[in-house]
Every structure is written in C-alpha cells, then in structure tokens.
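> build me a structure from this.
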Amino acid sequence: MGLHSNQEYFVSWEELHRATRELARRQLPAEQWQGIIAVSRGGLVPAAILARELNIRLVESVCVRSYAHQSQAAEPEMLKDISCTDDGAGFLVVDDLVDTGNTLRFLRKRLPKAKFITVYAKPEGLPLVDEYEADIEQSTWIHFPWDVHLHYVDPLAGEDK
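Numbers count the residues shown, from 1 in each chain. Below you'll find the predicted structure:
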C-alpha cells in the first residue's frame, strides 16, 4: 500500500511546505508572472508560500464555494471575483487540490489565459490543472494541516501508574 493510498491522508505543515516549494521551483523564472491568484480558501496558504519563493508581491484571492464540509456542491458559486486581470494572462492560479475539477473548470472560463497549479491532484481533476506536485487517489480524503488539531494521544499500553 503506497503512501497516498489510504482513504484518508493527513498532510503535515512540513510536507505541504516542501511540496509547495517544489511547485514554486518549477514556476521559475519568476519574472514571467505578474501575480498570483489564490483560490480561497485552500489555495491561500500555498499562494503565500509561492509568493515568498517567487518574490511576487501581487497576490489576490478569488472566492469560490464548491464544498460544504465533505460534500461537493452541484455547481460552484463565485463569492468574490478578482480585479487584477481580465483573462488571467501572466498569472498563476493556485489551489491546494484539484479533486473533480469543478472549481478549476469554473475558473478557467473566467481566467482562460492563466496557468492553473495545485499542490495535490486527483485523477478526475488532472485535465483541468496545468501543473501539480503530488498524485492522490480519487477516493482519498485529504486533511490539510489547517483543518486538524494536534493533540496528545495515550500510549497503546496505557498511562504510567
């Protein structure tokens, strides 16, 4: 069984940072980009890492609702549009994950000339993303570090007496 083959996969802050830095490295030279558009909310943290690594100051967010907890909405809904570009030319659109591709399909209509990148990609969403860092099985639910709490766990043998 591979690293990413469980039904649930927990991403650590360190893993997310490493994977996003590698994704940033492949976007060099940075001068080709006018800015970054983060898909809120999942793309906000990767966008911040990309902005730092590529030394890009123009970062905007587009707010799209595609999920309600763990169920995907029938049709994505634009909650906040962007104003930095009309068609996305010269911009990276970044999200944490492409799952079914519904969000990116929706945004490609709005930003047809942007480059769409994600940290993680599932098979159904692959045709909608231009570049990504890691493959995830379609049936796997990813838990990102901003979605979970670290807490103490009792030892298997129980507490000391």
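> neighbours of residue 86, how many?
Per other CB atoms under 10 Å, the neighbour tally for residue 86 reads 10. No exception for glycine: its C-beta is placed from N, CA and C like everyone else's.
> quick one: residue 61 and residue 81 touch, right?
No: using CB atoms under 8 Å, residue 61 makes no contact with residue 81, being 10.1 Å away.
> those two: which is more packed in?
Neighbour count, other CB under 10 Å: between residue 61 and residue 81, residue 61 has more, with 16 against 10.
> wait, what's in contact with the spatially most central residue of the chain?
Note on the chain: the residue nearest the mean C-alpha position is residue 96, at 1.0 Å, using CA atoms, centre = their mean. Contacts for residue 96 (CB atoms under 8 Å, 6 or more residues apart in numbering) come out as 42-43, 45-46, 118-120, 142, 144.
> tell me which of the residues you listed fall in helices.
Among the contacts of residue 96, the ones falling in helices (DSSP state H) are 45-46.
> now distance to residue 75 too, for the contacts of residue 96, in a markdown table please.
A markdown table is the format used below for the contacts of residue 96 (distance: CB to CB, whole Å):
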| residue | distance to residue 75 |
| --- | --- |
| 42 | 18 |
| 43 | 19 |
| 45 | 26 |
| 46 | 24 |
| 118 | 20 |
| 119 | 24 |
| 120 | 23 |
| 142 | 22 |
| 144 | 24 |
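> let's see which of the contacts of residue 96 end up in strands.
Of the contacts of residue 96, the ones assigned to strands by DSSP state E are 118-120, 142.
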